[in-house]
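S.K.: Sequence and predicted structure, then a few things I'm wondering about:
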Amino acid sequence: MTSQEVQDLLERYKGKLESELGPTVKGSDKPITSADYETFRKEMMPASASIYEKLCGFSGKLIKLKPDKKESDQLQESIDTAHLKVDPAGTTSFSILAPVTIGLLGVMLGIFIPGLLGKPSSTFFIVVSLLTAAILMFPLRNYPNVIATTFRMKASNEMILCIFYLVTYMRHTPNLELAIKFAADHLTGPLSLDLRKVLWDVETQKYNNVKDSMDHYLEKWRKYNIEFIEAFHLIESSLYESGESRRLELLEKSLDVILDETYEKMLHYAHNLKSPITMLHMLGVVLPILGLVILPLLVSFIGGVKWYYIGVFYNVLLPLGVMYLGMTILAQRPSGYGDTDVTKMLPSLKQNKVNFFSREINIKPLHICIFIAVIFLLIGFFPLIANMAGMSDWGIGPAGDKTSACNKPYCFLDYRENDTTGELVGPFGIFSSILSLMIPLGIAISLGYYYKLKSKNVIEIRNRAKKLENEFASGIFQLGNRLGDGIPAETAFGRVSSMMQDTEPGKFFEKVSININKLGLGIEEAIFNPKVGAILSFPSNMITSSMKVLVQSVKKGPKVAAQALINISRYIKEIHRVDERLKDLLADVISSMKSQISVMTPAIAGIVIGITSMITNILGKLGPLLKGQGGEGVPMGAGVNDLFGMGIPTYFFQIVIGLYVVQIIYILTVMVNGIENGADNLSKSYLLGRNLIRSTILYAAISLIVMIIFNVVATMVIGTIFTSGI
């Protein structure tokens, strides 16, 4: 029978059914419908993707720019992979329209704002705006590919678990569609969305059966993950085996294929990852930090350098570049289990209660951190506020110092007149410089406290779960052996817990056993009950996945459950081995990053601030001394402006460098966490809360000490020169 005859036969029976039953409503009698897929898609996609879709749609309507066919096909493949609701023309239009808009706005601001202030247009901002617009075209044009790569890597992280779910279900029920649905329901990441899309395509009659839909989906992975295709084809082949032993053998073979080939692929990736991370670390972090050493000389001896020039580079361009490259690298990091959002399992932990007059008050972390930031920022900006309010300057030390604005050695504000333009520049005062430390401190402490409050209630529980994960493979193996002996699962939990006393797996199994024997709960309820389930004390995706497999497989008998648990034990050991090997290969880079976070960056930046303050102080006091004195090579009446320029007030220079320290600590912490722990948001929050506060306080302390010591020494030297009558 030809394909056309088959199609005619299908159409004839379809028409007959519709005439007898009426038009069918697609998905009305099936659990996964287009609405379910769309809802799940919206939940899975990040908020930035939704904004990107809207901007691309708007840009595509405004101007229609179509890429060439080769690029269009590549973009369409990435769009389909990432489940984006855009088209290649819209993404191309946005990649051109957005940078052009940013460039034009920058040029307009660089011309009109200085004009309103009575100053010439800012060539610096015009050039920076045009360069930024030109550079932005490349990442925006490539953005769908970046999203697709991120989506693909996150899906790859679940492929081993997906094969486990499929094999576990197919061992006792050889039905491919139900097995795919089981995997889609229990996976939590992008691969779950893909499997739902496979089933949805069958429901909407895009494909006649689930095998055709799945084969079409697998073709997308041919260039990226051939072992997943091989494993899945082995699962499909098991359906055509008449003998039970041969069918089970093929299922086990699929597990071996996905485990062995994925392990080798991850090790190769770990070797390849070392070089780009090292390069990013050196070019994006180490060299800019070393460049801080020459900044004091640069800003003091080149008069045209403004503080906001340095700010644009160190606080905008450099952090964005490092973050973009870092996230691109981390998006490809192999992972085992993904992160665990403990607050989803324990919503009560989202509450942050503080004692206030013997009463517990629930306060949102964001409100506390905004309050902290406002207090610190008001203190930090007080010198500028005082100057705008017309506050008179004051200082400490013996009166009669003609080299300062307040007639004393150490001034609060110390605004100086520029000999060339006649405008006041400052504040140069030591007290203003000290108060400026409150700005990076306020931002770092508020952010750090925010992340600390988010993680403080759950980090101990998460650490217990991590400890359980490290020991869970042996516990699962013991449980599988007891089930393999024919012992019912309800009894096996108690026996294994008695054998593994005083260990985290023993405590977990004991909790399950207590729920079964004393509360009369079934296995599923004993583990996953939202009030007393054992999983609440050990929230972990890996443990949750293992127990889901157990609950499903134990329905078909202890022998099936035993084999499933032994397979899960292998899976846990393999993934743990990959994670440890990855950490070992990148140990040098991670150690260097941690030292940069904890000591090197705060220390170098703090010393640079002290040196800058000293140089600025010396040059500022030498100006009045050199005026009218003359000397060899120095014409009579030459001021410090003629020799060196005014320099940048330490107040502004410290703000720029302090913010850079906060930014680089944030970026390095995210990268270190990503390399060590993968997509573990709780660990990231905990590390950010600790590193931001500690490292920024260290930076502020070093800056304060060095500024005071160097300024005292500089003032003593200048005083000696002044009394000697130079």
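M.R.: The structure has been received and is ready for your questions. Residues are numbered from 1 along each chain as shown.
S.K.: any idea how far Ile487 is from Val496?
M.R.: When distance is defined by CB to CB, to the nearest Å, Val496 is 10 Å away from Ile487. All C-beta atoms are positioned from the backbone trio N, CA, C, and that covers glycine.
S.K.: Please say which of those two ends up with more neighbours.
M.R.: Val496 (26 against 18; other CB atoms under 10 Å).
S.K.: how about the more buried one, what does it touch?
M.R.: Residues in contact with Val496, defined by CB atoms under 8 Å, 6 or more residues apart in numbering, are Gly475, Gln478, Leu479, Arg482, Pro505, Gly506, Phe509.
S.K.: Out of these, which sit inside strands?
M.R.: Using DSSP state E, no member of the contacts of Val496 falls in strands.
S.K.: Closest to Val706 out of those?
M.R.: Nearest to Val706 among the contacts of Val496 is Pro505, at 51.7 Å by CB to CB.
S.K.: Just list the residues touching that closest one, thanks.
M.R.: Residues near Pro505 by CB under 8 Å, 6+ apart: Leu468, Glu471, Phe472, Ser474, Gly475, Ile476, Val496.
S.K.: re the thing from before, only whichever of the contacts of Val496 are buried, select them in PyMOL.
M.R.: To isolate the buried subset of these in PyMOL, counting by 16 or more other CB atoms under 10 Å, use the following:
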select buried, resi 475+478+479+482+505+506+509
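S.K.: closest to Ala700 among the contacts of Val496?
M.R.: Proximity to Ala700 was ranked across these by CB to CB; first place goes to Pro505, at 44.9 Å.
S.K.: Return the residues in contact with the nearest residue to that closest one once chain neighbours are set aside.
M.R.: In space, not counting the residues next to it along the chain, Pro505 is nearest to Gly475; the distance is 3.0 Å by CB to CB, 6 or more residues apart in numbering. By CB under 8 Å, 6+ apart, the contact list for Gly475 reads Val496, Met500, Thr503, Pro505, Gly506, Phe508, Phe509.
S.K.: I figured the last one hits Leu479, correct?
M.R.: I take that to be Phe509. Yes - taking CB atoms under 8 Å as the contact criterion, Phe509 and Leu479 are neighbours in contact, 7.1 Å apart.
S.K.: which residues do these two both contact?
M.R.: In contact with both Phe509 and Leu479: Phe493, Val496, using CB under 8 Å, 6+ apart.
S.K.: Do a quick rundown of the helices in the stretch 201-350 of the chain.
M.R.: According to DSSP state H, counting those that start in this stretch, the stretch 201-350 of the chain carries its helices in the segments 210-218, 226-238, 244-281, 287-291, 295-301, 307-312, 318-330, 342-345.
S.K.: average pLDDT across the fifth one?
M.R.: Per-region confidence: helix 295-301 scores 67 on mean pLDDT.
S.K.: thinking again about what came up before, between the contacts of Val496, which sits nearest Met707?
M.R.: Distances from those to Met707 were compared by CB to CB; the smallest belongs to Pro505, at 54.3 Å.
S.K.: before we move on, the earlier item: quick one, which of the helices of the stretch 201-350 of the chain is nearest to Ala603?
M.R.: Closest to Ala603 of the helices of the stretch 201-350 of the chain is helix 287-291 (CB to CB; 9.9 Å).
S.K.: Can you list the helices and strands that that closest one packs against?
M.R.: Using 3 or more CB pairs under 8 Å, 6 or more residues apart in numbering; DSSP states H and E as the contact criterion, the neighbours of helix 287-291 among helices and strands are helix 601-626.
S.K.: which helices and strands does the helix it packs on pack with?
M.R.: Packing partners of helix 601-626 (3+ CB pairs under 8 Å, 6+ apart): helix 287-291, helix 295-301, helix 430-436, helix 640-643, helix 650-677, helix 681-723.
S.K.: Just put those helices in a markdown table and tack on mean neighbour count and distance to Thr173.
M.R.: Conversion of those to a markdown table gives the following (neighbours: other CB atoms under 10 Å; distance: least, CB to CB, whole Å):
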| stretch | mean neighbour count | distance to Thr173 |
| --- | --- | --- |
| helix 287-291 | 14 | 58 |
| helix 295-301 | 19 | 68 |
| helix 430-436 | 24 | 68 |
| helix 640-643 | 18 | 85 |
| helix 650-677 | 23 | 36 |
| helix 681-723 | 19 | 35 |
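S.K.: Of the ones you listed, which shows the lowest average pLDDT?
M.R.: If you rank the helices and strands packed on helix 601-626 by mean pLDDT, helix 640-643 sits at the bottom with a mean of 48.
S.K.: Now do the domain split for this protein, please.
M.R.: Taking automatic domain parsing as the reference, the chain has its domains at 42-152, 158-268, 301-330+355-458+586-723, 461-577.
S.K.: next one: the last one to chain centre, how far?
M.R.: Spelled out, that is domain 461-577. Averaged C-alpha coordinates place domain 461-577 at 32 Å from its chain's average position (CA atoms, centre = their mean, to the nearest Å).
S.K.: Report the rounded mean pLDDT for it.
M.R.: Averaging the model's pLDDT scores along domain 461-577 yields 81.
S.K.: Low-confidence ranges, the stretch 251-400 of the chain, go.
M.R.: Residues of the stretch 251-400 of the chain meeting the criterion pLDDT under 70: 262-263, 266, 269-270, 296-297, 299-305, 331-363, 400.
S.K.: switch to 50 and redo it
M.R.: 336-338, 340 (pLDDT under 50).
S.K.: picking that back up, could you rank the contacts of Pro505 by neighbour count and give me the top one?
M.R.: Neighbour-wise, the contacts of Pro505 (other CB under 10 Å) top out at Ile476, 28 neighbours.
S.K.: Is that residue in contact with Ser569, as I believe?
M.R.: Yes - at 4.5 Å, Ile476 counts as touching Ser569 under the criterion of CB under 8 Å.
S.K.: so how far is Ser513 from Ile675?
M.R.: When Ile675 is compared with Ser513 (using CB to CB), they lie 38 Å apart.
S.K.: same deal with Leu287?
M.R.: Per CB to CB, Leu287 is found 58 Å from Ser513.
S.K.: would you list every one of the helices in the stretch 51-200 of the chain?
M.R.: With DSSP H, counting those that start in this stretch as the criterion, the stretch 51-200 of the chain has helices spanning 69-82, 88-116, 123-141, 143-157, 159-172, 176-186, 190-203.
S.K.: how about those helices in CSV, adding mean pLDDT, distance to Arg581 and mean neighbour count?
M.R.: What follows is these, written out as CSV (pLDDT from 0 to 100; distance: least, CB to CB, whole Å; neighbours: other CB atoms under 10 Å):
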stretch, mean pLDDT, distance to Arg581, mean neighbour count
helix 69-82, 84, 28, 16
helix 88-116, 83, 38, 18
helix 123-141, 81, 32, 16
helix 143-157, 77, 16, 21
helix 159-172, 81, 16, 24
helix 176-186, 85, 27, 19
helix 190-203, 84, 24, 21
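S.K.: which one of those lies closest to Asn691?
M.R.: Relative to Asn691, the nearest member of those by CB to CB is helix 143-157, separated by 24.6 Å.
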